[in-house]
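Visitor: sequence? don't have it. structure:
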């Protein structure tokens, strides 16, 4: 069947009992599945749903004290709709309206699901046309591509979970239900959706669910709702917060939570903030970046915090602070993304994990090259003569090596025009002199390059391909395409067949302070480059300053 993607109707009604009687007169409003948006222009609140009986559904909503305060309703109908299509369009409306941020959604997030069905890609074309109609009528304001690249969309609690993520959430909720105190680690490599899961969980815990809003046949949805209700019945209203060690990501997530109904910016805190009060639950994102007392900026403040909690000044860590200030702790953790000597040692985490429950995430949610790409990068940067590494090729992922930097920058500019969210990232191989002058920090193949001009939320601050981010401004973020410059501090020894580090060429002072073992520094730098190479959703472009490293890479990736 050839779907006519413009074969739908948007009808607007005043949301009261007198007006909704008119819905029955619409040809496809009560005999077919429909999707609807109830909204209020003054309070900027909305609710999105679907039904096979629009009139009865509206009457039910008018009995709800929160929804009856809403002003208008759009009924979206079409002779092409079936139940699967209506559910999918409803799900997309919730996701994209959340990212559009014109309205605060009253929807809970337990029932946002994603499933395949016949001609799903064509129904998405219908959805895109519905979105254009809503934008024309000024119900929404942003284009789909802009929303897709936004942090509000990427970290939205209305994103559909993978089976892997859904299993982890249900397992965690059931665990906390049955324990007055708990320590849980959710472990997964870069791109397995740990941050999304953290925000999703917070929205679940903050929501009051109306079971009539959900399909009673969906057992997984009701598992989550029942578990959340049991937690509230057992422990009352939980006090919880999201602890984010990295300043840039913390500021980004504050903006995200500020836009979500039931959540707020002050629920995102730094490790020092946990001392201000006791919590029922502390959720720690990027837990591997919690700090110990080594190579940090403000020793006095760190020592004061240890003293306040009765900890040894030298041995107390931010991990200890979290443990002492909460009954329940949930750590999103990946030891392979610990990239600085100030990070809490994996051995210290291991001591806590022995007394904890561990839940594993395996599905790759970011890189379209899947787990094959993740494994490939690990093997590429950790040469092992006993393991044969094959050239990486994937129909959904672009991996290219460049011998001339201007060519890479030129292609990155093209990708930015096509997809947006494409950025240059480099190892900390040049001093940051541009923050005190207009002099370029680096010059490669005649190209002047500058370090990031802002420290917070750099990803969203520029589209300039002559501006480079580093590990500190990119860890935790997604990019459509990442252009990675391997700097002068990382080289290849063609005699030993191993990657080596030149400490003098590594200019992150805090990144090497107190590190005397060359292998320890190499371990940090390899993790840094791995983490940066995991940023790209659609592709990664690579340039190497060291010719021998470039030659080594050329055996295993396409040379542009």
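Guide: Looks like it arrived, so ask away. This is a predicted model, so every value here is computed, not measured. Numbering: from 1, shown residues only.

Visitor: how much space is there between residue 123 and residue 83?
Guide: Per C-beta to C-beta, to the nearest Å, residue 123 is found 12 Å from residue 83. All C-beta atoms are positioned from the backbone trio N, CA, C, and that covers glycine.

Visitor: Which one's more surrounded, those two?
Guide: Neighbours were tallied for residue 123 and for residue 83 using other C-beta atoms under 10 Å; the higher tally belongs to residue 123 (23 against 13).

Visitor: what's the next secondary structure element after whichever strand or helix holds the more buried one?
Guide: With secondary structure defined by DSSP states H and E, residue 123 is part of helix 120-136. Counting by DSSP H and E, the next helix or strand C-terminal to helix 120-136 is helix 144-148.

Visitor: That following helix - contacts with which helices or strands?
Guide: helix 83-100 (3 or more C-beta pairs under 8 Å, 6 or more residues apart in numbering; DSSP states H and E).

Visitor: Can you list the buried residues in the helix it packs on?
Guide: Along helix 83-100, these residues count as buried under the neighbour rule (16 or more other C-beta atoms under 10 Å): 84-100.

Visitor: likewise stretch 428-447?
Guide: 428-430, 434, 440-442, 444.

Visitor: pLDDT below threshold where in this structure?
Guide: 1-5, 27-30, 212, 214-220, 385-386 (pLDDT under 70).

Visitor: and it, what are its domains?
Guide: What automatic domain parsing lists as the domains of the chain is 9-144, 163-360, 370-559.

Visitor: can I get those domains in a markdown table with distance to residue 151?
Guide: Output for those, formatted as a markdown table (distance: least, C-beta to C-beta, whole Å):
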| stretch | distance to residue 151 |
| --- | --- |
| domain 9-144 | 9 |
| domain 163-360 | 5 |
| domain 370-559 | 7 |
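
Visitor: So for residue 153, which of those domains sits nearest?
Guide: Nearest to residue 153, of all the domains of the chain, is domain 9-144, at 3.4 Å by C-beta to C-beta.

Visitor: Can you give me the end-to-end span of the closest one?
Guide: 20 Å (C-alpha to C-alpha, to the nearest Å).

Visitor: ok now that domain, how far from the chain's centre?
Guide: For domain 9-144, the separation from the chain centroid amounts to 26 Å (computed by C-alpha atoms, centre = their mean, to the nearest Å).

Visitor: For my notes, confirm residue 328 occurs in a helix.
Guide: No. Counting by DSSP: H, G, I helix; E, B strand; the rest coil, residue 328 is not part of a helix but strand.

Visitor: how far away is the closest residue to residue 521 other than its chain neighbours from residue 432?
Guide: Leaving aside its sequence neighbours, residue 521 sits nearest to residue 515 (C-beta to C-beta, 6 or more residues apart in numbering; 4.8 Å). From residue 515 over to residue 432 the distance is 20 Å, taken as C-beta to C-beta.

Visitor: likewise residue 57?
Guide: In terms of C-beta to C-beta, residue 57 sits 58 Å off from residue 432.

Visitor: repeat for residue 552
Guide: Separation of residue 552 from residue 432 (C-beta to C-beta) stands at 28 Å.

Visitor: cool, and residue 181?
Guide: Note on residue 181: its distance to residue 432, by C-beta to C-beta, is 44 Å.

Visitor: What's the local residue count around residue 412?
Guide: 19.

Visitor: Would you mind confirming that it is in contact with residue 541?
Guide: Yes. Using C-beta atoms under 8 Å, residue 412 is in contact with residue 541, at 6.5 Å.

Visitor: got any residues that touch both of these two?
Guide: 481, 483 (C-beta atoms under 8 Å, 6 or more residues apart in numbering).

Visitor: Contact partners for the closest residue to residue 308 other than its chain neighbours?
Guide: Excluding the flanking residues, the one nearest residue 308 by C-beta to C-beta, 6+ apart is residue 275, at 6.1 Å. By C-beta under 8 Å, 6+ apart, the contact list for residue 275 reads 305, 308-309, 321, 325.

Visitor: same check, this time on residue 327
Guide: With the criterion set at C-beta under 8 Å, 6+ apart, residue 327 makes contact with 180-182, 279-281.

Visitor: What would I type in PyMOL if I wanted to highlight the buried members of the residues you listed and nothing else?
Guide: This is the PyMOL syntax for the buried subset of these, where burial follows 16+ other C-beta under 10 Å:
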select buried, resi 182+279+280+281
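
Visitor: circling back to that earlier point, please identify which pair of the buried residues of stretch 428-447 lies farthest apart.
Guide: Largest separation among the buried residues of stretch 428-447 by C-beta to C-beta: 428 and 440, giving 15.7 Å.

Visitor: which residues are contacting the strand or helix carrying residue 56?
Guide: Of the helices and strands defined by DSSP H and E, residue 56 is found in helix 54-62. Contact with helix 54-62 is made by 15-17, 20-21, 23-24, 26, 29-30, 34, 36, 38, 47, 49, 51, 67-68, 73, 75, 77, 212, as judged by C-beta under 8 Å, 6+ apart.

Visitor: and those, which are buried?
Guide: 15, 20, 23, 26, 29-30, 34, 36, 38, 47, 49, 51, 67, 73, 75, 77.

Visitor: Near the residue nearest to residue 429 when sequence neighbours are not counted, how many residues? Count them for me, please.
Guide: Leaving aside its sequence neighbours, residue 429 sits nearest to residue 487 (C-beta to C-beta, 6+ apart; 2.4 Å). Neighbour count for residue 487, taken as other C-beta under 10 Å: 26.

Visitor: In this structure residue 487 contacts residue 532, no?
Guide: No. The criterion here is C-beta under 8 Å, and residue 487 misses it with residue 532 at 11.1 Å.

Visitor: Overlap in contacts, these two.
Guide: Joint contacts of residue 487 and residue 532 (C-beta under 8 Å, 6+ apart) are residue 427.

Visitor: Mind listing residues that contact stretch 295-314?
Guide: 272, 275, 291, 293, 316, 320-321, 324-325, 340-342, 510-511, 513-515.

Visitor: now these: which count as buried?
Guide: Buried among the contacts of stretch 295-314 by 16+ other C-beta under 10 Å: 291, 293, 316, 320-321, 325, 340-342, 511, 515.

Visitor: Pull the number of nearby residues for residue 236.
Guide: 9.

Visitor: can you check residue 458 too?
Guide: 22.

Visitor: Equivalent analysis for residue 419, please.
Guide: 17.

Visitor: Over to residue 540?
Guide: So residue 540, with other C-beta under 10 Å, has 27 neighbours.

Visitor: Ends of stretch 348-357, what's the gap?
Guide: Distance between the two ends of stretch 348-357: 16 Å, counting by C-alpha to C-alpha.

Visitor: What's the end-to-end length of stretch 491-507?
Guide: Termini of stretch 491-507 sit 15 Å apart (C-alpha to C-alpha).

Visitor: Stretch 383-391 now?
Guide: Stretch 383-391: ends 14 Å apart by C-alpha to C-alpha.

Visitor: Next, the buried residues of that stretch.
Guide: Quick answer for stretch 383-391: no buried residues (16+ other C-beta under 10 Å).

Visitor: again with stretch 399-412
Guide: Buried residues in stretch 399-412 (16+ other C-beta under 10 Å): 399-402, 405, 408-409, 411-412.

Visitor: Mind checking which of these land in strands?
Guide: Using DSSP state E, 399-402 are the members of these that sit in strands.

Visitor: Need those in TSV (columns: distance to residue 171).
Guide: Converted to TSV, these look like this (distance: C-beta to C-beta, whole Å):
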residue	distance to residue 171
399	34
400	39
401	41
402	44
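
Visitor: picking up where we left off before, now for the contacts of residue 327: which two are most distant?
Guide: Spatial extent of the contacts of residue 327 (C-beta to C-beta) is set by the pair 180 and 279 at 14.2 Å.
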